[in-house]
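In: coordinates for the following, if possible.
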Amino acid sequence: MVIPIKPNRGGFLRPFGCAWFIREYLLGNSPYGSKTVDPLQGAPQADIFSQYKHALHRVTAEDRAIRHEEKLARKENRSIDPDNIEILIKRHLEKLPYKSKGCRYHSFVVYFAMLQQLSWVEPSGIVEESKFQDKYPPGKPRIYFRLTHKGRRAPDHLWSNPRRALYRY
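Out: Numbers count the residues shown, from 1 in each chain. Next up is the predicted model:
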């Protein structure tokens, strides 16, 4: 029996999903080299978004660097050099535009609101002040979010598509 690798709809868009990243990040597992978070305190939405974008960039650059090194090694008839892969990763990270991978911040906030409607994330009670430059009024406070018990118990198939879990279509 042959198992298809490519998904039925959408193709290969991202190496990992946004909801999966949010869950793993708020659990404190630091997925794909992101910062470690205390699961009881959580993190603000802006920090989660930033870590998500940086993780997507790292994984994309690593994938491109490995493919590039494999091609070069095949062409030059030599073995793959891990040191060369590290150099290529840095080069690819410099070339990748920030907006090329993942969603925009507004889409992330809407997506995160969906997780709040499902009661999978909740404010942890920690609030930080936002400070701008001297001439501007104070910004909205940074609210820290953490996973709820319901979010921890939600099965993987629901975390892979929170819209389906929310709207049951």
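
In: which residues touch stretch 37-55?
Out: Residues from elsewhere that reach stretch 37-55 (CB atoms under 8 Å, 6 or more residues apart in numbering): 16, 18, 21-22, 25-28, 30-35, 98, 101-102, 105, 108-109, 112, 121, 124, 126, 128, 142-147. In short, each C-beta sits where N, CA and C put it, glycine included.

In: what's the span of stretch 138-156 from first residue to last?
Out: End-to-end distance for stretch 138-156: 39 Å, by CA to CA, to the nearest Å.

In: would you mark the buried spots in that stretch?
Out: Judged by neighbour count using 16 or more other CB atoms under 10 Å, the buried positions of stretch 138-156 are 144-148, 151, 154.

In: likewise for stretch 89-98?
Out: 89, 92-93.

In: got the phi and psi for the residue nearest the centre of the chain?
Out: The residue lying closest to the centre of the chain (CA atoms, centre = their mean) is Tyr52, at 2.8 Å. The phi/psi pair for Tyr52 (degrees, to the nearest 10) reads phi -60, psi -50.

In: how close does it sit to Arg67?
Out: Distance of Tyr52 to Arg67, computed by CB to CB, to the nearest Å: 23 Å.
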